[in-house]
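**Q** Predicted model, plus sequence, below.
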Amino acid sequence: MVLENGIKAPDFSAKIDGGEELSLNDFKGRKLILYFYPKDQTPGCTTQACDFRDNMERITFSGAVVIGVSPDSLASHDKFVAKQNLNFHLLSDPDKSVCQSYGVWGEKSMYGRKYMGVFRTTYLIDEAGVIIKSWAKVRVKGHVEEVMASL
C-alpha cells in the first residue's frame with residue numbers, strides 16, 4: 001500500500017553501493033527522489049536507472065538527489081552501478097525493511113504464479129522529510145519525465 005502524500009517519510013538506515021551507511025536524515029534540506037525497483041540488471045530496472053542517470057544534470061539543478069532501492073546485495077549494486085555507469089547511489093535492502101516501511105513489498109502475480117516482490121514505486125520527499133508526491137505501479141517509459149515535472 002503506497003504511503004499518502006503529506007505524511008512524514010519513514011526513516012531508514014541502510015548501506016548503499018560502496019558500503020557507506022545512509023539514512024533519511026542525510027537528505028535534510030534537499031529533495032529526495034526515492035525509487036524502489038525489483039532487481040538489478042533486469043531490462044525494466046536497467047532502463048529506469050539509465051533514465052535517471054541520463055537526466056541527473058537536470059535533477060541536480062532542481063536541487064534533488066536520487067536514491068534507488070532494491071533488495072539486491074551490495075555486491076550486486078556495485079556491479080550494476082559500474083556496468084551502467086550510474087551517477088547516483090543504490091540502497092541495499094536485503095531484509096526488505098525499507099521496502100516494507102514504504103509499502104512497496106508484497107504479493108505479486110505473473111503468469112498465474114504468486115510470489116513476493118517489490119512494487120515499482122517512486123516517492124518525492126521534500127526538504128523537511130515529507131512525502132509530497134508518489135507514483136505507484138510505475139511504468140518505466142516516461143516516468144523520469146513525470147518526476148521531473150513535479151520538481
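**A** Happy to help now that I have it.
**Q** Only C-alpha atoms from now on, for both contacts and neighbour counts.
**A** Fine.
**Q** What sits closest to L90 if chain neighbours are left out?
**A** Nearest residue to L90 in three dimensions, chain neighbours excluded: G68, at 4.6 Å (C-alpha to C-alpha, 6 or more residues apart in numbering).
**Q** tell me which element that neighbour is part of?
**A** For G68, the host element (DSSP states H and E) is strand 64-70.
**Q** what do you get for V81?
**A** Using DSSP H and E, the secondary-structure element containing V81 is helix 74-84.
**Q** Ok, R58 next?
**A** Using DSSP H and E, R58 sits in helix 56-61.
**Q** related to what we said a few turns ago, what sits up against the helix holding V81?
**A** The contact list for helix 74-84 (C-alpha atoms under 8 Å, 6 or more residues apart in numbering) reads 15-19, 40-41, 46, 50, 86-87, 89-92.
**Q** One more pass at 6 Å, please.
**A** Applying C-alpha atoms under 6 Å, 6 or more residues apart in numbering, the contact partners of helix 74-84 are 17, 92.
**Q** Walk me through which strands the least confident helix or strand in the chain by mean pLDDT pairs with, and which way each runs.
**A** For the chain, counting by mean pLDDT, DSSP states H and E, strand 105-110 ranks last in confidence among helices and strands (a mean of 93). Applying DSSP bridges to the sheet, strand 105-110 is found paired with strand 113-118 (antiparallel).
**Q** Contacts for the strand it pairs with next, please.
**A** With contacts defined as C-alpha under 6 Å, 6+ apart, strand 113-118 is touched by 38, 104-108.
**Q** so who does S92 touch?
**A** By C-alpha under 6 Å, 6+ apart, the contact set of S92 is 15-16, 70-74.
**Q** With distance to C99 and neighbour count as added columns, please give these in CSV.
**A** Converted to CSV, those look like this (distance: C-alpha to C-alpha, whole Å; neighbours: other C-alpha atoms under 10 Å):
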residue, distance to C99, neighbour count
K15, 14, 17
I16, 14, 22
S70, 8, 24
P71, 8, 24
D72, 12, 19
S73, 14, 17
L74, 16, 19
